[in-house]
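Trainee: After the sequence you'll find the predicted model.
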Amino acid sequence: MAVTTREQVMDALMALLTAAMVGSGNPCKTSSRHFRLWGNTPKPERPALYLKQLKPQLYEANRDGVPPRRTMRVSCFVYTNCAQDDPTPDKQLNDILDAFDAALAPSPLTQTQTLGNLVVNAKINGEVFMDTGDLDGDGLLVVPIDILLP
C-alpha cells in the first residue's frame, strides 16, 4: 500500500458518502468539509452532508521500530427537512443511514473497506445520533467513522 495522505482519505470518504446519498434517493444539495450548523444551512440547501474531524486522531504505540497504528476519527453530519405532517419522519434518515452502511460495508474477500486501497479499514464505529425533525422540521444524522491508516 502506497503512502496515503489524510487529504486523499477525506476526499475518498466524501465521494463515497455523497454517492451513497444519491443511491438512497436523497442526493446532496450541499456537501462540504467546511462544517456548518443546521441553522446556517438553509432548508433549500438540504439534504446537506458535512464531514468533520472532530475527535482527536488516535496513535497506538507498537514495539520499538514498528510504526504506530494511526486512526482518523471523522464525524459525518447530515441535515434534512421534515414536513410537520409527514407520517414517516424517520424514513429519509433511515434510507441515508442504510446507504452509508452499504457503502462502508467490508469486502466479502478481505472483510475490510479500504476506500479504494487507500486505508487499512474504514467503518462506522460508535453511537449514531438521529433526530428525525418531526418537532421542528430539521432532521439530523451524526455518524461516527473510524479510519485505520496504513
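Mentor: Sure thing, it's come through. Numbers count the residues shown, from 1 in each chain.
Trainee: so the residue nearest the centre of the chain bridges to which residues?
Mentor: By CA atoms, centre = their mean, the chain has its centre lying nearest to Cys76, at 3.7 Å. Per DSSP bridges, the residues bridged to Cys76 are Leu51, Val143.
Trainee: quick one: pLDDT of it?
Mentor: As predicted, Cys76 sits at a pLDDT of 97.
Trainee: For Pro68, which non-adjacent residue is closest in space?
Mentor: Computed as CB to CB, 6 or more residues apart in numbering, the closest residue to Pro68 that is not its neighbour in sequence is Tyr59, at 4.6 Å. For glycine as for every other residue, the C-beta is placed from the backbone atoms N, C-alpha and C.
Trainee: can you tell me the helix or strand for the one you found?
Mentor: strand 58-60 (DSSP states H and E).
Trainee: Okay, now the sheet partners of that strand, with direction.
Mentor: strand 69-81 (antiparallel).
Trainee: Can you name the next helix or strand after the partner strand?
Mentor: Next along the chain from strand 69-81, counting by DSSP H and E, comes helix 91-103.
Trainee: buried sites along that next one?
Mentor: Using 16 or more other CB atoms under 10 Å as the test for burial, helix 91-103 gives Gln92, Leu93, Ile96, Leu97, Ala99, Phe100, Ala103.
Trainee: got it, and stretch 62-72?
Mentor: Arg70, Thr71, Met72.
Trainee: Sketch out the low-pLDDT regions of this protein for me.
Mentor: 1-2, 55 (pLDDT under 70).
Trainee: give me that answer again for 80
Mentor: The model of the chain has pLDDT under 80 over residues 1-3, 54-68, 83-86.
Trainee: top helix in it by residue count?
Mentor: When the chain is parsed with DSSP state H, its longest helix is helix 6-23.
Trainee: who touches that one?
Mentor: Contacts to helix 6-23, defined as CB atoms under 8 Å, 6 or more residues apart in numbering, come from residues 27-28, 31, 33, 47, 49, 51, 53, 72, 74, 76, 78, 96, 99-100, 102-104, 115-116, 118-119, 122, 145, 147, 149.
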